[in-house]
Every structure is written in structure tokens, then in C-alpha cells.
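# Got a sequence here, can you build the structure:
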Amino acid sequence: MAQLPRREEERRLAALGIRQQAAELAAERPRVADDNNGDETNYDQPGYVPPNSGWLVAAYQPFTGNFSKGLRHDEYGDPEPVSYGSLLRALESRDPDDFRQILVGFIADGARRMKLTNPQAGFAFNLEGPDSQEPTIPPAPRFDSAVEAHEQGELYWMAVARDVYFGSYGSDPLITAAINSLNSEFPQFGGTVPVTPQNVFRGIYPGEQVGPYVSQFLLKGNADPRKATGQGRNSTDGYIAYGSQVIDQRQQTVQGYPELGAAADYLTDFAWWLRAQNGEDFRGNDQFDFTTRRFIRNLRDGANYVHFDLVINAWYNAAWLLLSEPMSNGVAPDAGAVPMRDREFPKDTGNPYEPPAPSSPTESGFCTFGDPHVIEVLTEVTGRACRTVWWQKWGVHRRLRPEEYGGRVQNQISGTRTYPIDRSIVDSLTSGGLAPYFGSTVTRYPSYLLPQAFPEGAPAHPAYGAGHATISGACATILKAFFDESKVIEYPVLASSDGLSLLQYTGSDAGQIRVGGELNKLAGNIALFRNAAGVHWRSDYTQSLLLGEKVAIGLLQELSITFNEDDAYFQLTRFDGTTIRIQGGFVDVVPAVAGS
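Numbering: from 1, shown residues only. Here you go, the predicted model:
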């Protein structure tokens, strides 16, 4: 083989050195050992009674505190130990053939099966960013804890309130009842307390409780003076320009409780619920509203959005909005402003090509620090975040889904089984704030099962962490690294009560709605809409956004050593409010400026 020319040989060795440096950065990151809440072994003694539960007897069934959907269950919906053990054997051996031998549930002849979703994914390696088994999250709340019961209480209230218009939260009596119950019966549910109309069912990170419930990135379009009125000329038209194509922020919605009664919610019948636990696939039974498309106006609309997305949808949309919006008054573009040239939303301070940083007089960014770079890194971080959380789901925590906990509650109240669950949830459903809605033919729901927004209920993989939340935490971090988070989003909007149009938001905090906070809110919306569907817990959201952030920061750290631009860096505000700068492989905290 002929010897390479000197310059080519230098490049080859430099490329090798960069890859080695990235590998060293990954290997040197502090590693915290994975740990779960022990629910697979916490209740290994017959007659176990949880502290302060008030139960006299708690005849346990093995593995009832863990995820088992799609495995074999007895007539009460509790997992069969041998079936659950076949899952543990596969996870321990990592032998692909053992995964093919998992003992799945029995379903009716001719019925479709929901297969277990990708339990081997967490064994895959990432070649960029943190290894899929490097970042971790703390143990989930225990099955017998008050926290778990209180989180379930919030989920029952979110189910009851699915059809309440966000703009009515300050006056709707159902929301008032939910607020009173969360404050008095379920104060450990994990959200902000005291609960108020402004923070009920919202996230806890900076910006999430500012302005309307729904992020501007799920509502507004971008403005283009070349388009016709009502077809994308103004941001309130709700159309996002994807080059010469458009994405409509309106969606095909599903019909809600007022139109269909309880049939709009699913798995509220025990026999139906049990079939789903054994793996029968009820996907495709959604009750769509075929009359028109609507902006997201309530929790049911939000749940529908996250039923069919691939998570990245909302983040591509947000990126296109940030990249394409021309200078404007928040509604219509300024005279002569050109989309993707005269930008309303400036890039991050470390971008060497665009304001607000001193920009190059001769160059513009493209493959590095330009528009394709933003889209590229969003895509890259999505797969890495997904594999990371899949390891946590299957390899570490195996947390049960809220619908499974609801089955234990149903059995507890009906007297067919007893479990070590905190009695706060049972008391509320039978004699407290939730009692008017559950448990008889005259209440809204005939059983004590958690009503699901999806016909199939939860997907066939464990709850903790949450895939939507982890990917969203990662994508929010990437966009905060590329764009100026402090830029105010002018003319904020919310959907009308029928979802057919966008209305100006005129709350006292309308001028405080900024890019960084709305990206946090978008992540919270995507995560908590899954909770509103009944498929995730509050702590799934809380911890998974942080998990995604870890993945994204690790990816940015490695990317930062690859650029030729010696003055470039990424700067962003983490979910905990601290600001960091990522440059040359280092991640440094930026000191807060006094008075800022």
C-alpha cells in the first residue's frame, strides 16, 4: 500500500486522536451505580404490612409491585411468578434466545398481541455521547409508599379533567375539586404545592408555570409575508413552514366524555383490562372527531398528540419555528423581513457566525453551527436518549404502569385481594374527593380502574423512566444550546375553547414568556400529556427530563472537541436553573450575574 501524502496522514492521525479523546471523555465521566426500589423483593414475607398503612392484613402476591403487562396473569391480573421469572432470566443472561422464550400472556384465538417493546435496546452501545448504561436515575417511589399513592391520585384527577378547557382552569368546579384534593389528600404527588389554578397538572422546571398551559411551540406557526392570509402569512395561522411544505399545528382529535360518555375512556371494565394485561392489542379503536382539526385545548387533546407521535415531531417543529421565524411583532413579519435570513430568534452566544455573538464578517454557518447542524444533533440525541432510558426501564427499575396499580386498587376495594398500598388512594376513591366519579353505575366510571385515554392503555414496556420525557429532556437541552434562551416570544397565544383558532394570551405574565422557558414547557407538555393519558407517573416526568439532559450534555461535550472554529461554544441553562458552558471538552458552570 502506497504511503499517504503527509497532509492526509496528519489528518488520519488527528481523526484518530479526536475519537480517542471523545472516548476518554466518556470513560472519565463519574458513574453512579444503578439502583431500583427493591419492589421485586420488598414483599417477600406473607402477611407483610407496610408502615402506617392502616391495613390489618396484606396477603402479598409476588411481583405485583412491578411491570408485567404482556406477561401471564392470574384471574385477578397479578403476574404469574414463572412468567415474570422468564423475563428476569433473559435480562440477566442477555442471550437473545432467552428473550424469544419469555412466557407471554394468553390471549384469545385470532386476537392481536402487543409484543414486549424492545427489552434488548438498553444493551446496545452508543458510539457518541454517553454509553446507554452510563446515566442513571434514582429509584422510583416504592409500591407501598404514600408518594406512589399520591401520584396515582393526581392521575385519577387528570383522567377526570381530560375535557376541561385550559382557559377555564381558574373557574371550573372540577378543577377546583382537583386542587382541593391534591392539596389535602395527595400533597406528596410531586408537583408544586400549594396547588393553584396556574400550576395544577403542570411541570416544575423554570418557565413551565409561566403563561398558558400549552407551550407556544405546540400552537404558533411562523410568519411568511409571501403567503396568503390564513395560510401561513401570520404566526397565528398555526402553520410551520418546512421549506416549501407546511405542518399544521392543528391535529385530528378524539371525541371526549361530553360527546361519548365513558366510552371515550378505556380499560374501565375489569375483563377488558385483564385482556390488555395479558397482551391483547386494542390499538385502532380510537373514537376520532372527523369533523375538523383542532389546536390543543385540553388534556385529552394533549394525550392524543403524544399517542401517535415519534417524540421528535414536536422538536423538529420547534426547531423550524426558531430557525424560520422572521423579525416581526409576534404575529405578522416586519416589512421586507425574509424567513431564515432576518431571524426573530437569535442563536446562542457561542455561535461564531450569527448574533448575538460577534459574528464572522465573511462566513455563515451551515454544516457547523448552521441550520442543518441543529436538525442533525436533534436527531442524534434522540436515539441515544431512547436507548439510555430503555436500559433504565428494562434493565434497572421495571416499574409498573399506573393502569396496573389501578388494577391493584380495584382488587383492594372489591375485597378480592389485598396489597401493601398506601390507603390514601383507597380512601379518596371510596369516601373522599374522587368518590363522586368512581365505583358504581351512577358515577362517571363504573369501576376503580384508572381510565385510560388510549384503547390499548399503556405500551408494553415499563414506566420508569419515560421515553417521551427522556427524549424531550434531551431535545430541549440541544435547542437551548443552539438558541438564545432569553429572547421573549411576542404575542403569546392559547387555543380557543373549541380549538379552532388561536387567541391572544393577555395574562399578567405575558411579557415573561421566553424561549428557554417555553422549551422547558414543551418538554413538560410532552411528558405530562402522557400522564394525562394514564400511562405514566409524575416522577417519570421529573426524573426523565433530567436523564435526557445528561445524555444531551454528554453528546455536546464530545461534539465540542470536533470543531475548527476555535471561539465556538455551547451555553445553556439546565433544568435546575444553573447555566453551563461546554467548550473544548469541558463543562463549566457559568457564575450567576448579580441582579439577573
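
# so what's the backbone phi/psi at residue 438?
Backbone torsions for residue 438, taken as degrees, to the nearest 10, come to phi -130, psi 150.

# To clarify, my last question referred to residue 313.
phi -50, psi -60.

# same deal with residue 18?
The phi/psi pair for residue 18 (degrees, to the nearest 10) is phi -60, psi -40.

# if I look at it, how far off is residue 478?
The gap separating residue 18 from residue 478 is 21 Å, by CB to CB, to the nearest Å. No exception for glycine: its C-beta is placed from N, CA and C like everyone else's.

# These two: which has the busier surroundings?
residue 478 (30 against 13; other CB atoms under 10 Å).

# okay, and the helix or strand of the chain with the least pLDDT?
Of all helical and strand segments in the chain, the minimum by mean pLDDT, DSSP states H and E falls on helix 257-260, at a mean of 58.

# Next, the buried residues of the helix or strand that it is followed by.
Once the chain leaves helix 257-260, the next helix or strand it forms, by DSSP states H and E, is helix 270-277. By 16 or more other CB atoms under 10 Å, the buried positions in helix 270-277 come out as 270, 273, 274, 275, 276, 277.

# Check which helices and strands helix 270-277 sits against.
Applying 3 or more CB pairs under 8 Å, 6 or more residues apart in numbering; DSSP states H and E, one finds that helix 270-277 makes contact with helix 402-414.

# Residues contacting the helix or strand just after the helix it packs on, please?
Later in the chain than helix 402-414, the nearest helix or strand by DSSP H and E is helix 423-431. Applying CB atoms under 8 Å, 6 or more residues apart in numbering, the external contacts of helix 423-431 come out as 53-55, 146, 149-150, 152-153, 156, 181, 185-186, 409, 412-413, 434-435, 438-439, 448.

# Just the buried ones from these?
Buried by 16+ other CB under 10 Å: 53, 55, 146, 149-150, 152-153, 156, 181, 185-186, 409, 412-413, 434, 438-439, 448, out of these.

# re earlier: out of the contacts of helix 423-431, which are inside helices?
Judged by DSSP state H, helices contain the following of those: 146, 149, 150, 152, 153, 156, 181, 409, 412, 413.

# Just give me the neighbour total for residue 296.
Number of residues near residue 296 (other CB under 10 Å) recorded here: 26.

# phi, psi of the residue lying closest to residue 535 once chain neighbours are set aside?
Closest residue to residue 535 apart from its sequence neighbours, by CB to CB, 6 or more residues apart in numbering: residue 458 at 4.0 Å. Backbone torsions for residue 458, taken as degrees, to the nearest 10, come to phi -70, psi 160.

# neighbours around residue 458, how many?
Using other CB under 10 Å, residue 458 has 26 neighbouring residues.

# how close does it sit to residue 218?
Taken as CB to CB, the span from residue 458 to residue 218 is 23 Å.

# that's a helix at residue 494, yeah?
No - the assignment for residue 494, made by DSSP: H, G, I helix; E, B strand; the rest coil, is strand rather than a helix.

# ok, it to residue 194 distance?
24 Å.

# Looking at those two, which has the bigger crowd around it?
Counting neighbours by other CB under 10 Å for residue 494 and for residue 194 shows that residue 494 has the greater number, 23 against 9.

# Just confirm that one contacts residue 501, I think it does.
No - under the criterion of CB atoms under 8 Å, residue 494 is not in contact with residue 501, lying 10.3 Å apart.

# residue contacts, the closest residue to residue 77 other than its chain neighbours?
Leaving aside its sequence neighbours, residue 77 sits nearest to residue 407 (CB to CB, 6+ apart; 4.4 Å). Residue 407 is in contact with 76, 77, 270, 273, 274, 277, 449, counting by CB under 8 Å, 6+ apart.

# Understood, closing this out.
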